[in-house]
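**Student:** sequence-free structure coming up:
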């Protein structure tokens, strides 16, 4: 859980304690994932369990721990831009 909290703080670019849509989109692009905006919107809504418009750390951890790793890898590989 500590590692996930550290990762959450990395994603929380402005240090507000919450991840907003723009932060999520920017970090995904920064690490090389080129998601269509509709997919970023869908992901954000899925993680933002209370529909507050921001992702809190507990929501992020709950979502992360519930991921099916292989489905996440498959989805990510379809959207990863390796520059080729």
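**Tutor:** Right, received. Where do you want to start? Predicted model only: the values in this text are computed from it and were never measured. Residues are numbered from 1 along each chain as shown.
**Student:** in stretch 55-72, what counts as buried?
**Tutor:** Across stretch 55-72, burial judged by 16 or more other CB atoms under 10 Å covers 55-57, 59-60. For every residue, glycine as well, the C-beta is placed using N, CA and C.
**Student:** With respect to pLDDT, which of those residues ranks lowest?
**Tutor:** Within the buried residues of stretch 55-72, pLDDT reaches its minimum at residue 60, with 92.
**Student:** I'd assumed that one was in a helix, is it?
**Tutor:** Yes. Under DSSP: H, G, I helix; E, B strand; the rest coil, residue 60 sits within a helix.
**Student:** I'd assumed residue 17 was in contact with it.
**Tutor:** No. Between residue 60 and residue 17 there is no contact under CB atoms under 8 Å: 11.2 Å.
**Student:** if I pick residue 55, what's in contact with it?
**Tutor:** Counting by CB atoms under 8 Å, 6 or more residues apart in numbering, residue 55 touches 18-20, 24, 44, 47-48.
**Student:** all helices for the protein, in order.
**Tutor:** For the chain, helices defined by DSSP state H occupy the ranges 2-11, 21-30, 37-47, 57-65, 69-79.
**Student:** The shortest one - contacts with which helices or strands?
**Tutor:** Based on contacts counted as 3 or more CB pairs under 8 Å, 6 or more residues apart in numbering; DSSP states H and E, the elements that helix 57-65 packs against are helix 2-11, helix 37-47.
**Student:** how far off helix 2-11 does it point, in degrees?
**Tutor:** Using axes from the mean of the first three to the mean of the last three CA atoms, to 10 degrees, the direction of helix 57-65 lies 110 degrees away from that of helix 2-11.
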